[in-house]
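Visitor: no sequence for this one, just the structure:
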C-alpha cells in the first residue's frame, strides 16, 4: 500500500502562484500523476513525472524528487477557473493501478 | 469523437436493491477501472480489468461486482451487501501500453441510496 499526503485546502489571489505539495511512501515507485478535478466533474490529467526534475506545461509545472518521496504542482498566473481540487496519484511497480491522495482544494480569489 | 461515457449521471435507489452503473469507452483502451469518491477522501479503486474476460479486485471490492465481456464495456453492480453505497463513482480507462499510460476518466455517476 501507499501513504500519499497533500494539504487539504489552499487559497490564493488571482494572478498569483500556488505550490501544492505531495509526499508519498512506496516501494517500487513507477510514476506520479497530477489531475485537476472541478466539483462534480471527472478528474482531468495535468502532468506526469517518473524521473527527478521539473516538467513544465504552460502555466502548470510539476516537480519530482524520488529520493525524498516528494512532488509539487506549481500553478502560475492563477485564474478564477483554476479553482478546483488537485489530486496527486502514484503508480507502484509494473501494475497499472494508481493510488490517489485525498486532493487539495484550491480557491482562487479576485 | 472518442471518450468514456457513464450513465446515468444521477441515480437513486432504495436500500436493499442492486444497481448497475454503465461505463463505455471507444478509445480502444485495454484497461478499465472503477473508483469510488467520497467527500474529503481520495479516489479508491474498486475493481480493474486489464483485458477482456479478466478483472481483479481493488482496495474496496466488497459489495461490488463487475464483468468485462467486451473491450468497450465495464459495468459495475453495487449489491445490497455494500454497506454504504452512496458515493460518486468514476470509471477510467488506459491503453496499458508504454509510458505514462495515463488514465482517462468518464463524467461519473452520483449514486444515492435512500
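Guide: Noted; the coordinates are in hand. For clarity, every value in this text was computed on a predicted model and none was experimentally measured. Numbers count the residues shown, from 1 in each chain, chains lettered A, B, ... in the order given.

Visitor: can we go C-alpha only for contacts and neighbour counts from here?
Guide: Noted.

Visitor: which residues in the chain form strands?
Guide: Reading this off chain A. With DSSP state E as the definition, chain A shows strands at residue ranges A:3-5, A:9-13, A:18-25, A:29-37, A:44-49, A:53-57, A:60-65, A:70-75, A:84-92, A:98-100, A:104-109.

Visitor: my bad, chain B
Guide: Here chain B has its strands, by DSSP E, at B:4-7, B:10-13, B:19-25, B:31-37, B:44-51, B:54-57, B:64-66, B:76-78, B:87-94, B:104-105, B:109-113.

Visitor: Can you tell me which helices and strands the fourth one packs against?
Guide: It stands for strand B:31-37. Counting contacts by 3 or more Cα pairs under 8 Å, 6 or more residues apart in numbering or on different chains; DSSP states H and E, strand B:31-37 is packed against strand B:44-51, strand B:87-94.

Visitor: still on that earlier bit, output the strands of chain B in JSON lines; the columns should cover mean neighbour count.
Guide: As requested, the strands of chain B are exported to JSON lines (neighbours: other Cα atoms under 10 Å in any protein chain shown):
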{"stretch": "strand B:4-7", "mean neighbour count": "19"}
{"stretch": "strand B:10-13", "mean neighbour count": "13"}
{"stretch": "strand B:19-25", "mean neighbour count": "20"}
{"stretch": "strand B:31-37", "mean neighbour count": "24"}
{"stretch": "strand B:44-51", "mean neighbour count": "23"}
{"stretch": "strand B:54-57", "mean neighbour count": "14"}
{"stretch": "strand B:64-66", "mean neighbour count": "19"}
{"stretch": "strand B:76-78", "mean neighbour count": "20"}
{"stretch": "strand B:87-94", "mean neighbour count": "24"}
{"stretch": "strand B:104-105", "mean neighbour count": "23"}
{"stretch": "strand B:109-113", "mean neighbour count": "19"}
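
Visitor: Could you export the ones you listed to CSV, including columns for mean pLDDT?
Guide: Shown next, in CSV, are the strands of chain B (pLDDT from 0 to 100):
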stretch, mean pLDDT
strand B:4-7, 94
strand B:10-13, 93
strand B:19-25, 96
strand B:31-37, 96
strand B:44-51, 95
strand B:54-57, 95
strand B:64-66, 97
strand B:76-78, 97
strand B:87-94, 96
strand B:104-105, 95
strand B:109-113, 94
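
Visitor: Take these and lay them out in a markdown table including distance to residue A:37.
Guide: Shown next, in a markdown table, are the strands of chain B (distance: least, Cα to Cα, whole Å):
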| stretch | distance to residue A:37 |
| --- | --- |
| strand B:4-7 | 16 |
| strand B:10-13 | 18 |
| strand B:19-25 | 19 |
| strand B:31-37 | 12 |
| strand B:44-51 | 15 |
| strand B:54-57 | 25 |
| strand B:64-66 | 25 |
| strand B:76-78 | 22 |
| strand B:87-94 | 12 |
| strand B:104-105 | 10 |
| strand B:109-113 | 15 |
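
Visitor: Out of these, which is closest to residue A:50?
Guide: Nearest of these to residue A:50, taken as Cα to Cα: strand B:87-94 at 17.3 Å.
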